[in-house]
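Colleague: Requesting a structural model of the entry that follows:
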Amino acid sequence: MRMTTIFISALALVTLLQASLLNAAEHEHATGHGGGHGTQSAEQKPWGIPGDAAKVTRTVEIRMNDQMRFVPDKVEVNEGETVRFVLHNDGQLLHEFVLGDKTQLDEHAAMMLKQPNMAHTSMDMLHVQPGKQGEVTWTFNRAGAFDFGCLIAGHYQAGMLGKVAVAQ
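Modeller: Below is the predicted model of the structure:
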């Protein structure tokens, strides 16, 4: 009984945060974030650089759902490859796609818990409204193991994350 109460309380908190984020998304994210919207930064990151749409070598479709999962949750690419991620939100909740490494995603997720209406402007991040899709184009110019996640409060903590393996 106690676990049921805790689960219902946690679900209610996520729902309240979600409603707040949807409202913020309509205002702060009216121009979107990531994927070529808002303020853009072409800075080199450990997991690569924003990609040029004219140089896309492959398109990867990723679905996001309200079971707090990405499908697929593992992507393999080659170093130097420019990938167009087409992100489908199949759920009723707002979801996002954020590329990074485990440390960066953990830190960012912790900030999102404290500031759920935080605006994003980086090209390796994208909010996707329920029933919609969006794109992030990224060049993986460094080999390694990287991550992606939905950093909306509660989603990442519920396991909404995936891996990108970049082979040399």
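
Colleague: So which residue is smack in the middle of the protein?
Modeller: Note on the chain: the residue nearest the mean C-alpha position is residue 97, at 1.4 Å, using CA atoms, centre = their mean.

Colleague: Flag every buried residue along the helix or strand harbouring it.
Modeller: Element membership of residue 97 [criterion: DSSP states H and E] is strand 95-100. By neighbour count on 16 or more other CB atoms under 10 Å, the buried set for strand 95-100 is 95, 96, 97, 98, 99, 100. Backbone N, C-alpha and C define where each C-beta goes, glycine included.

Colleague: pLDDT at the nearest residue to the second one once chain neighbours are set aside, what is it?
Modeller: Of all residues beyond its chain neighbours, the one nearest residue 96 is residue 127 (4.7 Å), with distances taken as CB to CB, 6 or more residues apart in numbering. Looking at residue 127, its pLDDT is 94.

Colleague: Wait, residue 127 touches residue 94, no?
Modeller: Yes. Using CB atoms under 8 Å, residue 127 is in contact with residue 94, at 6.2 Å.

Colleague: Same drill for the two, tell me which one is more crowded.
Modeller: residue 127 (28 against 22; other CB atoms under 10 Å).

Colleague: Distance of the more buried one relative to residue 82?
Modeller: In this view, residue 127 and residue 82 are 22 Å apart by CB to CB, to the nearest Å.

Colleague: With residue 108 instead?
Modeller: 24 Å.

Colleague: Mind checking which of these two has more residues around it?
Modeller: In this comparison of residue 108 against residue 82, neighbours counted by other CB under 10 Å, the higher total goes to residue 82 at 21 against 17.

Colleague: quick one: the strands in this structure?
Modeller: With DSSP state E as the criterion, the chain has strands at 49-50, 58-65, 69-71, 74-78, 81-89, 95-100, 125-128, 133-140, 144-149, 161-167.

Colleague: ok, the fifth one: who's next to it in the sheet?
Modeller: When you say that, I think you mean strand 81-89. strand 58-65 (parallel), strand 133-140 (antiparallel) (DSSP bridges).

Colleague: Just want the angle from the first one to strand 95-100.
Modeller: It refers to strand 58-65. Strand 58-65 and strand 95-100 meet at an angle of 130 degrees, taking axes from the mean of the first three to the mean of the last three CA atoms, to 10 degrees as the criterion.

Colleague: Tell me the buried residues in strand 58-65?
Modeller: If you call a residue buried by 16+ other CB under 10 Å, then strand 58-65 has these buried ones: 60, 62, 63, 64, 65.

Colleague: now these as JSON lines including pLDDT and distance to residue 134?
Modeller: JSON lines is the format used below for those (pLDDT from 0 to 100; distance: CB to CB, whole Å):
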{"residue": "60", "pLDDT": "98", "distance to residue 134": "13"}
{"residue": "62", "pLDDT": "98", "distance to residue 134": "11"}
{"residue": "63", "pLDDT": "98", "distance to residue 134": "12"}
{"residue": "64", "pLDDT": "98", "distance to residue 134": "10"}
{"residue": "65", "pLDDT": "98", "distance to residue 134": "15"}
